[in-house]
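Trainee: let me see the structure of the following:
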Amino acid sequence: NNVSSSAIVLTGPNLTLTQASVATNAVVLSNHVVSWTVLNDSLLPAGADWYDFVFLSKDTTFGTGDVYCGSEDIGARTPLTGGLSYTVDRSVWIPDTIPGEYYLLFITDFNHLQGESNESDNLLALPLTVIAPDLVLSDATAPAWGINGQDVNVSWTVTNLGQVAAEANWYDTVWLSSDQTVDETDTRIVRLGAAGQSPLQSGASYTIDRSVRIPAVGAGDFYLVFATDRFDFDTSMQRETIETNNVMALSIRIEAPDLEVSAATGPGSVFVSEAIDVSYTVTNVGNVSAPARWTDGIYLSQDQVLGGDTSLAWPVIDLNPRLGAGESYDRIVSVIIPNVSPGPWYLLFAADVGTGAQGETNETNNFRSIPIEVRVEPDLVISVGSVAVSSPSIGQSVDVSWTVTNQGASPAPADWTDSVYLSSTPNLTG
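Mentor: Residues are numbered from 1 along each chain as shown. Got it, this is the predicted structure:
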């Protein structure tokens, strides 16, 4: 009997969204002017400091998938006397979303900071069509035939077929592809920022003329794929109404030369640290010219396989010989044999090494090997000899003897001279 109860009636203010206005169309990724009016439909003041929010939604109710567009702090307008209202005029941000039909949801006291007698009339939904530009790859030109490593002239035209200007900073790209689409297996040969073309007004277009280099891919049938608003194969910067019309593909037949190291010469044996002259010949045995800029290399190897070897000369040439079909060039190069173990080795002569700048029909004939014997030089050492007279007089002839030993691993075939000196010290000072 320690508890007693009595019924009471709780009353409070009632915030209600009475009206809102918004233009029918809104551009994606832009500010959009809106307004809304909130009435305190009660006799009591609303004294809390609350916030009004605006969301973009696919329906007229608020849910977890709706996207925030903006909010307004109402603290400066409170307390709101019963029967009075306020109107907010401002811009809200239309986020990056797929263009189409949506609703703008205006919600007062979104965080429920103000207790109310009725919470069901705090939302008002207005229809909104989100629009965007539409960048189209409307035209492109390219040669029907080319050579690996060749510079060719191409052009492409981009048109904005959308209702509004394209204002992002997008990129145009050109790809070499085995099909008419762009993916991670294709080779990008151009990426050009289009900031200078933005904003591109509705109905406007621009044309780019550019020289591009055909990459080293060998011979075959390919496509030059022109893409607008593609930073890489799947990243775009400008939201559009249609994303499937940004690509145009043109077929191109690519031919390739065939570089072959057709001859190589060098000495049969060398000493460690010896400088020698070697020579080699590179011939284009293909049917088309070799226009790329490549480099050759000379290596010392313990086998006849190119890879992981000691470089003696690289790059040998850093120029563009533009070797025509059937043409060749000869190189004579001075190299120094490094400090390696003596024994049988190979000199490897390789054309178009490194990045393989020149695509070819056959990449297996780009090097040639010749055997070479690396020897260690002889080492002549003089042993202390003997003098027949320990204290000779000036002008006296004396008999002397000494021994020379070759302590090196190789014979000493040269004709040299031994000398005897008279010195006041045990050292030869010259």
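Trainee: helix or strand, whichever it is, which one in the chain has the lowest mean pLDDT?
Mentor: strand 380-387 (a mean of 82; mean pLDDT, DSSP states H and E).
Trainee: right, and the helix or strand after it?
Mentor: strand 400-406 (DSSP states H and E).
Trainee: note down every partner strand of that following strand and its orientation.
Mentor: strand 380-387 (antiparallel) (DSSP bridges).
Trainee: may I have the partner strand as CSV, with CA atoms only?
Mentor: C-alpha atoms of strand 380-387 as CSV (Å, rounded to 0.1, in the frame of the first residue of the first chain):
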residue,chain,number,x,y,z
LEU,A,380,106.3,-13.2,-62.3
VAL,A,381,108.0,-13.3,-58.9
ILE,A,382,111.8,-12.8,-58.5
SER,A,383,113.6,-14.7,-55.8
VAL,A,384,116.6,-13.2,-54.0
GLY,A,385,119.7,-14.5,-55.7
SER,A,386,123.4,-14.4,-54.8
VAL,A,387,126.4,-12.1,-55.3
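Trainee: follow-up on the earlier one: so which residues make contact with the least confident helix or strand of the chain?
Mentor: 398-408, 412, 416, 418 (Cβ atoms under 8 Å, 6 or more residues apart in numbering). Backbone N, C-alpha and C define where each C-beta goes, glycine included.
Trainee: tell me the least confident of these?
Mentor: Across the contacts of strand 380-387, the bottom pLDDT score, 75, is held by residue 412.
Trainee: name the SS class of residue 76, please.
Mentor: Using DSSP: H, G, I helix; E, B strand; the rest coil, the secondary structure recorded for residue 76 is helix.
Trainee: where's it relative to residue 53, distance?
Mentor: For residue 76, the distance to residue 53 equals 17 Å [Cβ to Cβ, to the nearest Å].
Trainee: and the helix or strand harbouring residue 250, which residues are buried?
Mentor: Per DSSP H and E: residue 250 is located in strand 247-255. Residues of strand 247-255 classed as buried by neighbour count (16 or more other Cβ atoms under 10 Å): 247, 248, 249, 250, 252, 254, 255.
Trainee: what of stretch 171-184?
Mentor: Neighbour-count burial for stretch 171-184 [16+ other Cβ under 10 Å]: 171, 172, 173, 174, 175, 176, 177, 182.
Trainee: any idea where the strands of the stretch 301-430 of the chain begin and end?
Mentor: 310-313, 328-336, 343-350, 367-375, 380-387, 400-406 (DSSP state E, counting those that start in this stretch).
Trainee: backbone phi and psi for residue 197, please?
Mentor: phi -100, psi -10 (degrees, to the nearest 10).
Trainee: my read is that it contacts residue 206, right?
Mentor: Yes: counting by Cβ atoms under 8 Å, residue 197 does reach residue 206; the two are 4.8 Å apart.
Trainee: against residue 419, how distant is the closest residue to residue 421 other than its chain neighbours?
Mentor: In space, and not counting its chain neighbours, residue 421 is closest to residue 428: 6.4 Å by Cβ to Cβ, 6 or more residues apart in numbering. Distance of residue 428 to residue 419, given as Cβ to Cβ: 9 Å.
Trainee: try residue 390
Mentor: 21 Å.
Trainee: how close does the residue nearest to residue 421 sit to residue 400?
Mentor: Computed as Cβ to Cβ, the residue 428 to residue 400 distance reads 15 Å.
Trainee: return the residues in contact with residue 302.
Mentor: 344, 345, 346.
Trainee: beta partners of the last one?
Mentor: Counting by DSSP bridges, residue 346 forms beta bridges with residue 301, residue 371.
Trainee: can you name the residues that contact it?
Mentor: 300, 301, 302, 303, 304, 369, 370, 371, 372.
Trainee: the first one touches residue 349, doesn't it?
Mentor: No: taking contact to mean Cβ under 8 Å, the distance of 11.2 Å between residue 300 and residue 349 leaves them out of contact.
Trainee: pick the most buried one from the strands of the stretch 301-430 of the chain.
Mentor: strand 343-350 (a mean of 21; mean count of other Cβ atoms under 10 Å).
Trainee: which residue ranges of the stretch 1-150 of the chain form strands?
Mentor: 15-22, 25-27, 30-40, 51-57, 67-73, 85-94, 100-107, 123-131, 135-141, 145-147.
Trainee: of residue 76 and residue 53, who's got more company?
Mentor: Comparing residue 76 with residue 53 by other Cβ atoms under 10 Å, the one with more neighbours is residue 53, at 20 against 8.
Trainee: is it true that that one touches residue 73?
Mentor: No: look at residue 53 against residue 73 with Cβ under 8 Å: they stay out of range, at 10.9 Å.
Trainee: between those two, which contacts overlap?
Mentor: Contacts common to residue 53 and residue 73, judged by Cβ under 8 Å, 6+ apart, are absent.
Trainee: how about residue 333: what's its closest non-neighbour residue?
Mentor: Using Cβ to Cβ, 6+ apart, the nearest residue to residue 333 is residue 313, at 5.2 Å.
Trainee: picking up where we left off before, reformat the buried residues of stretch 171-184 as TSV; add pLDDT, secondary structure and distance to residue 230.
Mentor: TSV is the format used below for those (pLDDT from 0 to 100; DSSP: H, G, I helix; E, B strand; the rest coil; distance: Cβ to Cβ, whole Å):
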residue	pLDDT	secondary structure	distance to residue 230
171	96	strand	6
172	96	strand	7
173	96	strand	5
174	97	strand	10
175	97	strand	9
176	97	strand	14
177	96	strand	12
182	93	coil	7
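Trainee: adding distance to residue 130, write those out as CSV.
Mentor: Below are the buried residues of stretch 171-184 laid out as CSV (distance: Cβ to Cβ, whole Å):
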residue, distance to residue 130
171, 24
172, 25
173, 27
174, 31
175, 30
176, 36
177, 33
182, 27
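Trainee: show me which of these is closest to residue 353.
Mentor: residue 176 (22.6 Å; Cβ to Cβ).
Trainee: tell me the contacts of that closest one?
Mentor: Here residue 176 is in contact with 186, 187, 189, 214, 215, 217, 222, 223, 224, 225 (criterion: Cβ under 8 Å, 6+ apart).
Trainee: now it: how far from residue 224?
Mentor: Taken as Cβ to Cβ, the span from residue 176 to residue 224 is 6 Å.
Trainee: now do stretch 193-206, average pLDDT.
Mentor: 95.
Trainee: just the terminal-to-terminal distance for that stretch.
Mentor: 13 Å (Cα to Cα, to the nearest Å).
Trainee: what separates stretch 149-164 from the chain centre, distance-wise?
Mentor: Its chain's C-alpha centre and that of stretch 149-164 lie 21 Å apart, by Cα atoms, centre = their mean, to the nearest Å.
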